[in-house]
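Q: Sequence first, then the predicted structure, then my questions.
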Amino acid sequence: MIKPLHIVILAAGEGTRMKSARPKMLQTVGGRPMLAHLLDTATSLEPEQVHVVVGSGAEQVKEACADYAVTWVNQDERRGTGHAVMQAMPGVPDGSAVLVLLGDHPLIPAALLEKMIAETEPPLAMLTMELDDPTGYGRILRDPGGNIIGVIEHQDAAPEQHEIREVNTGIIMADAARLRAWLDKLDCDNAKQEYYLPDIFSMARAESGEVQAVMAPDYHDLQGANDRVQLAALEKRYQQRMARQLMESGVQLVDPDRLDVRGAVSAGSDVHIDINVILQGENRLGDGVTVGAGSVLTDCDLAAGTVVHPHSVLEGVVTTGACDIGPFARLRPGTVLAAGCRVGNFVETKNARLGEGSKASHLTYLGDSVVGKSVNIGAGTITCNYDGAYKHQTVIEDDVFIGSDTQLVAPVTVGRGATIGAGSTVTKNAPAGALTVSRSRQTSIEGWKRPKKGEGQ
C-alpha cells in the first residue's frame, strides 16, 4: 500500500456492562488503559494521522491519553459503528487509505496490521477470524467460490447463518473516497436501528466484485472486552505475552502464570524472578538480578547481582552495584544504594543514599539521609527528618557505627568514624572518631514491687 495512511479508532463505547464510573476505554490491561495499548500500536504504523472517536467520558479519555498526538473526534449521538466512522471522515482526505480499529481491542499485534496493509489494497479489505463460539459476532458471508459477499450481524442472521464460524473483527481498510461514498448510502433498517459499518461490504461487492480479507492466525489477539469477565481474559492473555517475551530474552520465571507485568521491563542475562512478583512502571534488571516471591518493583533500576528477597516493596530504587535487599523491606523513591549495601527486613528508606558496604539490617527508618561507606546502622534506628512542617537531612559519614535504638534528630551530622551508643537520642552533630552517648543514667531501685491486680483498691 502506497497511499498515505489514516487510522480511525472507534472509542466511544459506554461500557455499561463493566458497571464502572470509569469510561470503557480507560479500563486497564497490564496497568494501562486499553486505549493506550492500541494507540501505541497505531502510532508504530507511522500513519499520517490517528483519529480517535470518543463519546462516553470523552474528557476523561482525552486527559488520560493526552501524551498521544491524535485528533479527537466527538460522537455525541452514538448510532452504530458506521455512524462513528462518519464523524471522523471530515478529517481524512481523499487519496488516503483508512484503517479502522476498535478501541477495546488492546492486544492486536502491530505485525498483523502491517501484514494487512502490505498484502491488501483498497478499495476495501477486512480482517476476519474463526471462533469456536461465534455468538454475538457478525458472520462472514461467502459465495460458492469463496468470495466475500457481505456480513450479517448476529441478531439479523438466519439460523443456518449462525453456524458460520468465520466472523468479522470490525477492522477494515478502505480507500477514503470510496469509504465516504459507501457511508453516505448506509441506512438504519435493522434490529437496533443503527448504521452498521459492515453494511458497506455488500456495496463494495456490487461495485468492484471483490472484498479482500486477511484471516487472523490467533483469535485471542483480537478479542475485545465488554464486561469484567472478558477484561480479565484480556489481562491473562497480556500477562502470558509479557511472560513469554521475558523468557525469550533469557529471564527465568519460576512460574510464568504467577507474574504480573504492568509496564516495561528490560532484563539482562540470568535474571531470576520467583512467584507472585509484580513489576510496575519501567523496571531495568541487570545481569543476575534475583527478585524474591511476592515482591513489588515500581520504576526500579537494579544493578547486576542485586538480590531482592521475598515480600519487599521497592519504588524508584537505584542500585549502582550488587546489593542485598529484604525480606520485607520497603524502599521508597529517592533510594540509591551503592555496591555491597545491605537493607534488611522491616527497613524503610526514602530519599536516602547509602555508600558502598553500608548496612541497615533490620527495623530501621532512613529518610532524607546521606550515608557514607562502610556504615553499620543498628536495629531500631530512626532518622527523625520531619519537624511537622519541613523535612531535614541527616548525614552519616564513612565508617560510622550507629548503636541500636538510636534517634537521629535532623538536621544533624555524624562525623567520620564516630560511634553512637545504643539508645541515644542525637540532637547535635556528633564529632568524628568519638563515642557519643545520650541517655539517662541507669538506676536500680531496691525493694520495688510490680503492681498486682486487686491491690490498692
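A: Here it is on my side, so go on.
Q: From here on, just use CA atoms for contacts and neighbour counts.
A: OK.
Q: Go ahead and confirm Arg178 touches Pro123.
A: Yes - judged on C-alpha atoms under 8 Å, Arg178 makes contact with Pro123 at a distance of 6.5 Å.
Q: so where's this structure uncertain?
A: Scanning the chain for pLDDT under 70 picks out the ranges 1-2, 456-457.
Q: And the helices in it?
A: For the chain, applying DSSP state H gives helices covering 34-44, 58-64, 81-88, 110-119, 176-184, 200-208, 228-248.
Q: Any chance you could list what contacts the first one?
A: Right, helix 34-44. Outside helix 34-44, the residues that touch it by C-alpha atoms under 8 Å, 6 or more residues apart in numbering are 7, 11, 25-28, 50, 65, 68, 103-110.
Q: Can you tell me which of the residues you listed are buried?
A: 7, 11, 25-28, 50, 65, 103-108, 110 (16 or more other C-alpha atoms under 10 Å).
Q: So which of those is the closest to Leu331?
A: Nearest to Leu331 among the buried ones among the contacts of helix 34-44, counting by C-alpha to C-alpha, is Thr28 at 26.1 Å.
Q: Contacts only, for the closest one.
A: With C-alpha under 8 Å, 6+ apart, Thr28 has these contacts: Met34.
Q: ditto for the one 3 residues further on
A: Gly31 makes contact with 262-263, 280 under the criterion C-alpha under 8 Å, 6+ apart.
Q: same deal with Ala125?
A: 172-174, 211-214.
Q: can you put these in a markdown table and add neighbour count?
A: What follows is the contacts of Ala125, written out as a markdown table (neighbours: other C-alpha atoms under 10 Å):
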| residue | neighbour count |
| --- | --- |
| Ile172 | 24 |
| Met173 | 28 |
| Ala174 | 22 |
| Val211 | 22 |
| Gln212 | 19 |
| Ala213 | 20 |
| Val214 | 18 |
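Q: Now tabulate the residues you listed in TSV and tack on distance to Arg284.
A: Formatted as TSV, the contacts of Ala125 follow (distance: C-alpha to C-alpha, whole Å):
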residue	distance to Arg284
Ile172	38
Met173	38
Ala174	41
Val211	46
Gln212	43
Ala213	41
Val214	37
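Q: what's the farthest-apart pair in these?
A: Ala174 and Val214 (13.5 Å).
Q: Return the set of buried residues in stretch 384-392.
A: Those buried within stretch 384-392 under the rule 16+ other C-alpha under 10 Å are 384-385, 392.
Q: before we move on, back to that, and the contacts of helix 34-44, which of them are in strands?
A: 7, 11, 28, 50 (DSSP state E).
Q: measure Pro33 to Cys65 for me?
A: 9 Å (C-alpha to C-alpha, to the nearest Å).
Q: returning to that earlier point: nearest to Ile140, out of the contacts of Ala125: which one, please.
A: Closest to Ile140, out of all of the contacts of Ala125 and judged by C-alpha to C-alpha, is Ala213, at 10.3 Å.
Q: So what's the residue count around Ile445?
A: 6 (other C-alpha atoms under 10 Å).
Q: do Arg180 as well
A: There are 17 residues near Arg180, going by other C-alpha under 10 Å.
Q: What is the burial count for the nearest residue to it once chain neighbours are set aside?
A: Of all residues not flanking Arg180 in the chain, Met89 sits nearest, at 7.0 Å (C-alpha to C-alpha, 6 or more residues apart in numbering). Counted by other C-alpha under 10 Å, the residues lying close to Met89 total 20.
Q: didn't Met89 look like it was pressed against Ala181?
A: No - look at Met89 against Ala181 with C-alpha under 8 Å: they stay out of range, at 10.7 Å.
Q: one step back: so which of the helices of the chain gets nearest Asp132?
A: Using C-alpha to C-alpha, the helices of the chain put helix 228-248 closest to Asp132, at 16.0 Å.
Q: give me every residue that touches Leu101.
A: 7-10, 170-172 are the contacts of Leu101 under C-alpha under 8 Å, 6+ apart.
Q: Identify the bridge partners of it.
A: Beta-bridge pairing for Leu101 (DSSP bridges): Ile9.
Q: Look up how far Gly13 lies from it.
A: 13 Å.
Q: now do Ser438
A: As judged by C-alpha to C-alpha, Ser438 and Gly13 stand 66 Å apart.
Q: which of these two has more neighbours?
A: Gly13 (22 against 15).
Q: quick one: that one and Ser56 touch, right?
A: Yes - Gly13 lies in contact with Ser56 (C-alpha under 8 Å); the separation is 6.3 Å.
Q: Quickly list what's touching both of those two.
A: Pro23.
Q: how close does the nearest residue to Gln60 once chain neighbours are set aside sit to His105?
A: Sequence neighbours aside, Pro23 is the residue nearest to Gln60 in space, at 7.6 Å (criterion: C-alpha to C-alpha, 6+ apart). From Pro23 across to His105, the span is 15 Å (C-alpha to C-alpha).
Q: ditto for Leu179
A: In terms of C-alpha to C-alpha, Leu179 sits 22 Å off from His105.
Q: same thing with His220?
A: From His220 to His105 the distance is 10 Å (C-alpha to C-alpha).
Q: Can you read off the backbone torsions of Ala322?
A: Main-chain torsions, Ala322, degrees, to the nearest 10: phi -60, psi 130.
Q: what about it, distance to Gly292?
A: 15 Å.
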